[in-house]
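Asks: what follows is a protein structure lacking sequence information:
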């Protein structure tokens, strides 16, 4: 059924269709619609068996999620920016305890200065927390990825985060095809974990001490679970396509065939980039775009294959690790380290809600062109106002 | 014994199996001649690793080698000795 909904609601509908046992969340702009909607579904009877826990902070939200998930419940939450950072230490506990919690993150800039608008610094800062990370380009994707996140997470027993760009998507109304409950039920069966339970007949210690004799093995098991997730994600994406007709891949390739210049993005910016690519293709320019949908586990094989025939790859990203550059650039150059690869350029843009325009993308393509002549910087900032400096 | 997913432990009382004495760098050696069985060491030991026998002795499975017993002993009967591993 098609409906016009904003991104936050699309994410909430996806979560509702997964019928979570527990939702523990604390409101924060720009994700607030999510807990509002979830509490509404609980209150109006659409989620008759779900417990909504209105906690006093995001630290408590993730802690309550862990407590619930440790009993074997299907659990989800939502947050953004400072909220995700307040959860930070608990994020590692969720993944270390192998609890497949699903988190909807509305990507928002970090303080200071305080800023409610979009960039992807918040989830990038949580990159190493052991969570699966998926980035949605639009409202349909966030709904679909929320449903799939439960299936993937519960298979590999790792928590999963689904990210959507603040305001560009969270507060934009778009037509979304909403699957029926029956369809989702047949795609996503009830969660029946074997490793955790709240059962006096099966006592267990969770969150136990991890001494040096065993800690490293448990971290290794997390890494292996991420490697397994890479396979499971492909499988879940193909099951989803079969059932619902919509195709997902860890990376989406757009006009990449014979492209000399490739632009790599995550999230809503992909739409802008694809528009420019389409326009420049009409002018005969060999450009293409790649959108990363799954950032953790990093789609190493897929990206390496997709970029190998290009001359230059521009990584356009809304995050900065001050003193280095962007995180996506860092990860991509890491997996290419021992291979022949195209020239890689990093473009930092769109921080704190700065619009990235079609002209900005054209400027990026021009910079890539110039780089082929040998004139380039590794890290390039787009749209910096010199008059403010 | 295999590690379980998430480090979960399915048997109760498992902490008894973990010998924290392995953490020790200095080992308390009690001179039974000097020990007057006043039990100050027993009172102060944070790990309950002093055993009340005729004179004090140490449960080396759980003594972490903190040295509080040696510090408290009124007759200086306890010497902390570097333990070669």
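Replies: Perfect, I can see it now. Predicted, not measured: the structure shown is a model, and the values here were computed from it.
Asks: just the helices in the stretch 251-389 of chain A please.
Replies: A:269-282, A:300-307, A:327-335, A:358-372 (DSSP state H, counting those that start in this stretch).
Asks: okay if I get those helices as CSV plus distance to chain B?
Replies: Every C-beta, even on glycine, is put in place using the N, C-alpha and C of the backbone. Listed next are the helices of the stretch 251-389 of chain A as CSV, based on distance: least, Cβ to the nearest Cβ, whole Å:
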stretch, distance to chain B
helix A:269-282, 35
helix A:300-307, 24
helix A:327-335, 26
helix A:358-372, 43
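Asks: got JSON lines for those helices, with mean neighbour count and mean pLDDT too?
Replies: Below are these laid out as JSON lines (neighbours: other Cβ atoms under 10 Å in any protein chain shown; pLDDT from 0 to 100):
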{"stretch": "helix A:269-282", "mean neighbour count": "18", "mean pLDDT": "98"}
{"stretch": "helix A:300-307", "mean neighbour count": "17", "mean pLDDT": "97"}
{"stretch": "helix A:327-335", "mean neighbour count": "19", "mean pLDDT": "98"}
{"stretch": "helix A:358-372", "mean neighbour count": "17", "mean pLDDT": "97"}
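Asks: including distance to residue B:11, could the ones you listed go into JSON lines?
Replies: Below are those laid out as JSON lines (distance: least, Cβ to Cβ, whole Å):
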{"stretch": "helix A:269-282", "distance to residue B:11": "50"}
{"stretch": "helix A:300-307", "distance to residue B:11": "39"}
{"stretch": "helix A:327-335", "distance to residue B:11": "40"}
{"stretch": "helix A:358-372", "distance to residue B:11": "58"}
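Asks: wait, which of those is closest to residue B:33?
Replies: helix A:327-335 (64.3 Å; Cβ to Cβ).
Asks: next up, the contacts around residue 26.
Replies: I'll assume chain A. Counting by Cβ atoms under 8 Å, 6 or more residues apart in numbering or on different chains, residue A:26 touches A:35, A:54, A:55, A:56, A:57, A:58, A:60, A:61, A:79, A:83.
Asks: the intended chain is chain B.
Replies: B:65, B:67, B:80, B:81, B:82, B:83.
Asks: distance of the nearest residue in space to the second one that is not next to it in sequence from chain A?
Replies: Pointing back at residue B:67 there. Nearest non-adjacent residue to residue B:67, counting by Cβ to Cβ, 6 or more residues apart in numbering or on different chains: residue B:80, 4.9 Å away. Residue B:80 sits at a distance of 23 Å from chain A (criterion: Cβ to the nearest Cβ, to the nearest Å).
Asks: does residue B:80 really touch residue B:68, like I thought?
Replies: No: the pair residue B:80 / residue B:68 is not scored as a contact, 10.2 Å apart, by Cβ atoms under 8 Å.
Asks: give me the helices and strands touching the host helix or strand of the residue nearest to residue B:67, please.
Replies: Under the criterion of DSSP states H and E, residue B:80 resides in strand B:78-82. Helices and strands touching strand B:78-82, as assessed by 3 or more Cβ pairs under 8 Å, 6 or more residues apart in numbering or on different chains; DSSP states H and E, comprise strand B:26-30, helix B:68-72.
Asks: quick one: the last one to chain centroid distance?
Replies: Relative to its chain's centre, helix B:68-72 lies at 12 Å (Cα atoms, centre = their mean, to the nearest Å).
Asks: run a quick neighbour tally on the residue of chain B found nearest chain A.
Replies: Of all residues in chain B, residue B:6 sits closest to chain A, at 3.6 Å by Cβ to the nearest Cβ. The number of residues packed near residue B:6 is 22, by other Cβ atoms under 10 Å in any protein chain shown.
Asks: helix/strand/coil for it?
Replies: helix (DSSP: H, G, I helix; E, B strand; the rest coil).
Asks: just residue A:5 next, same as before
Replies: Reduced to three states by three-state DSSP, residue A:5 is strand.
Asks: so it sits right up against residue A:174, yeah?
Replies: Yes: using Cβ under 8 Å, residue A:5 is in contact with residue A:174, at 7.3 Å.
Asks: please consider this matter closed, and thank you.
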